[in-house]
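Undergrad: sequence and predicted structure are below.
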Amino acid sequence: MRVEVTSSPLAELEADVVAIGLCDDDELPDELAEAPGAGDVKTAFRKTATLFGERAGRVLVIGLGERGELDGENLRVAGALAAKQAGGASATSLAWVLPDCGERVQSGETAAALVEGTMLATHRFDRFRSRDPEDPPPPDLESLQLVAADGAGPAQVEEEATKARVTTEAANRARDLQQLPSNIKNPAYLAARADEIAQDNDAMETATLGPAEIAERGMGGIVAVSAGSAQEPRLIVLRYRGASDDAETLGLVGKGVTFDSGGISIKPSRGMQEMKMDMSGGAAVLEAVAAIGELGLPLNVVGVVPAVENMPSGSATRPGDIITQLNGKTVEINDTDAEGRLILADALTYCVRELGAVRLVDLATLTGSVVVALGSTYSALISNDDELAERVEGAAEATGELTWRLPLHPEYKELTKGTVADLANVSPKRKAGTIYAASFLEEFVDSKPWAHLDIAGTAWDTDREYVGKGASGYGVRLLVALARELSGDN
Ligand code: BES
Ligand code: MN
Ligand code: ZN
């Protein structure tokens, strides 16, 4: 989608649809006050009305509610509402008159939120649908103009709008990856996507490991989880150098299970098709690194995605098997469906010891428990470092990709001890499933500052206005915001 900033007057805007947001005390611009439909205008949040004014095309009025309550999330929702209505009217161009939200308009935050809402809401995954020439789908929205009042800091508005476009494109690419079926999106496919990302940018490179290297290095978790599948595993490494070599490296680790059948501890068949999305953390990491590189942010990042398929077969790992992870710790695999923590364990160790990360953030669709606890509204955030956790929370708040912090405690750690090995991948009573998994992962971060996000509930079917059902792309916008914050680009 083309995104541009203008300050043309209303009458001169060239767009199929013009959207205007009104807060509670706002009134329609004079030239629209008498337009047919003006009587239906309501300013309550989410209320929409259509005007048929003198200018060609239609004017959509979107209620924004109380000015004091207006934030980025409301604006993303408003953007989504306008975009869907414009799409319903077969518009290919939309102009948004930036609402008067004081400081936030100046800073470009309003424009960014509208770009996000618009681009996320109009994204479709329809490449596998046959085209019916008799009933073609509505055209795509091709351009979004943001109409800034004269003097509303157009340079900064323009800059933030562009950054939001780049970031949201990445989020939509992550959604496509999530949505792809597992017969196409195998571990090699994800590795090829990382190579493609690296090819576009001189500051990026991949250093992906294949099955032989994974086994040789002693990544017992990745070996064990992929043992039942005909698909070879990959340990995808995508590095971006945006700062000097002696600057610290941020490690981003994403779970990349391209299909989670549960393995020998097989899942019930109902709903199992959704487990194609068990690589959502990996998709978010790859596309976030792509966006960070495209924005040229001044920091060093390494994205690591252990990519495997978890399948039952004669060569699959059995419940009760004991493995040795990359850092030497032994694990009893008492449930082959608790596979994410096994592959992440090796990836985290590798990220610290071989790739030099000094701070870690991992994203994983790790536990069903988090869906029970927090639904699709918040991801669980679990961290051994308050400062990093607070930065993640800041990025979450700003992007609407919300997190809720859960605790670590020695008693949970006690649960992770094995009966005959150092650790067990599940506890017999399944207490505190989400925290258990995080406590397990903590054994592999070499005490580095680390934040874990369990995104099992937020990656899919969130029903937010701007992403709806299916893939949400959760994490891309959050990670880019975090990288901007860490690199001083804000
Ligand atoms: N990939 C699943 C978690 C999941 C659940 C993701 C729902 C998305 C939606 C994970 O590998 C898993 O199977 N976890 C088990 C762990 C259990 C065996 C301790 C779970 O949560 O049931
Ligand atoms: Mn599983
Ligand atoms: Zn899984």
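TA: Sure, I can see it. Residues are numbered from 1 along each chain as shown. Ligands and ions are numbered 1, 2, ... in the order given.
Undergrad: after the lowest-mean-pLDDT helix or strand in the chain, which helix or strand is next? Please name it.
TA: In the chain, no helix or strand scores lower on mean pLDDT, DSSP states H and E than helix 103-107, which sits at a mean of 69. Where DSSP states H and E defines the elements, the next helix or strand beyond helix 103-107 is helix 109-122.
Undergrad: what parts of the chain come near ligand 3?
TA: 257, 260, 278, 340 (C-beta under 5 Å from the ion). Where you see a C-beta, it was placed from the backbone N, CA and C, and this is true even at glycine.
Undergrad: ok, which of these also contact ligand 1?
TA: 260, 278, 340 (C-beta under 6 Å from any ligand atom).
Undergrad: and the residue of the stretch 1-150 of the chain found nearest ligand 3, how far is that from ligand 2?
TA: Relative to ligand 3, the nearest point of the stretch 1-150 of the chain is residue 125 (21.4 Å; C-beta to the ion). Distance of residue 125 to ligand 2, computed by C-beta to the ion, to the nearest Å: 24 Å.
Undergrad: just give me the neighbour total for the residue of the chain found nearest ligand 3.
TA: At 3.7 Å from ligand 3, residue 260 is the closest residue in the chain, using C-beta to the ion. Residues contacting residue 260 under the criterion other C-beta atoms under 10 Å number 25.
Undergrad: tell me the contacts of it?
TA: Applying C-beta atoms under 8 Å, 6 or more residues apart in numbering, we find residue 260 in contact with 267, 275, 278, 310, 337, 339-340.
Undergrad: which members of those occur in strands, if any?
TA: residue 310 (DSSP state E).
Undergrad: would you turn the contacts of residue 260 into a markdown table with neighbour count?
TA: Listed next are those as a markdown table, based on neighbours: other C-beta atoms under 10 Å:
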| residue | neighbour count |
| --- | --- |
| 267 | 16 |
| 275 | 19 |
| 278 | 28 |
| 310 | 31 |
| 337 | 20 |
| 339 | 29 |
| 340 | 30 |
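Undergrad: which one of the contacts of residue 260 sits closest to ligand 2?
TA: residue 337 (3.8 Å).
Undergrad: so that closest one touches residue 267, yeah?
TA: Yes. Contact status for residue 337 versus residue 267: in contact at 6.4 Å, counting by C-beta atoms under 8 Å.
Undergrad: quick check: which element contains the residue in the stretch 101-250 of the chain that ligand 2 sits nearest to?
TA: Residue nearest to ligand 2 within the stretch 101-250 of the chain: residue 225 (9.1 Å; C-beta to the ion). Residue 225 belongs to helix 220-226 when assigned by DSSP H and E.
Undergrad: how about low-confidence regions in the stretch 101-250 of the chain?
TA: The stretch 101-250 of the chain contains residues with pLDDT under 70 at 102-106, 151-153.
Undergrad: ranges for the strands of it?
TA: 143-147, 204-206, 234-241, 249-254 (DSSP state E, counting those that start in this stretch).
Undergrad: for the stretch 301-450 of the chain, same thing?
TA: With DSSP E, counting those that start in this stretch as the criterion, the stretch 301-450 of the chain has strands spanning 321-324, 330-333, 357-364, 379-383, 403-405, 423-424, 450-454.
Undergrad: and for residue 373, the neighbour number?
TA: Residue 373 has 18 nearby residues by other C-beta under 10 Å.
Undergrad: cool, the one 10 residues further on as well?
TA: Applying the criterion other C-beta under 10 Å, we find 26 residues in the vicinity of residue 383.
Undergrad: interface residues of the stretch 251-400 of the chain facing ligand 1?
TA: 260, 278, 335, 337-340, 365-369, 371.
Undergrad: would you mind pulling up the elements that the lengthiest helix in the chain packs against?
TA: In the chain, assigned by DSSP state H, the helix with the most residues is helix 154-179. Under the contact criterion of 3 or more C-beta pairs under 8 Å, 6 or more residues apart in numbering; DSSP states H and E, helix 154-179 touches strand 2-6, helix 103-107, helix 109-122, helix 280-295, helix 476-486.
Undergrad: what angle sits between the fourth one and strand 357-364?
TA: Right, the one you point to is helix 280-295. Put simply, helix 280-295 runs at 130 degrees to strand 357-364, going by axes from the mean of the first three to the mean of the last three C-alpha atoms, to 10 degrees.
Undergrad: wait, does helix 280-295 contact ligand 2?
TA: No. On the criterion C-beta under 5 Å from the ion, helix 280-295 is out of touch with ligand 2, staying 13.0 Å away.
Undergrad: which other helices and strands contact that helix?
TA: helix 154-179, helix 187-199, strand 234-241, strand 249-254, strand 300-310, strand 357-364, helix 476-486.
Undergrad: which one of the ones you listed lies nearest to residue 213?
TA: Among these, the nearest to residue 213 by C-beta to C-beta is strand 234-241 (7.7 Å).
Undergrad: ok now that closest one, how far from the chain's centre?
TA: Here strand 234-241 is found 18 Å from its chain centre; the criterion is C-alpha atoms, centre = their mean, to the nearest Å.
Undergrad: check stretch 259-269 too.
TA: Using C-alpha atoms, centre = their mean, the offset of stretch 259-269 from its chain centre is 25 Å.
Undergrad: indicate the residue of the chain located nearest to ligand 1.
TA: Per C-beta to the nearest ligand atom, residue 368 is where the chain lies closest to ligand 1, at 3.3 Å.
Undergrad: mind listing what that residue touches?
TA: Here residue 368 is in contact with 433, 456 (C-beta under 8 Å, 6+ apart).
Undergrad: so for it, what's the pLDDT?
TA: The per-residue pLDDT reported for residue 368 equals 98.
Undergrad: residue 53 too?
TA: pLDDT, read off for residue 53, is 67.
Undergrad: distance of residue 302 from residue 169?
TA: For residue 302, the distance to residue 169 equals 22 Å [C-beta to C-beta, to the nearest Å].
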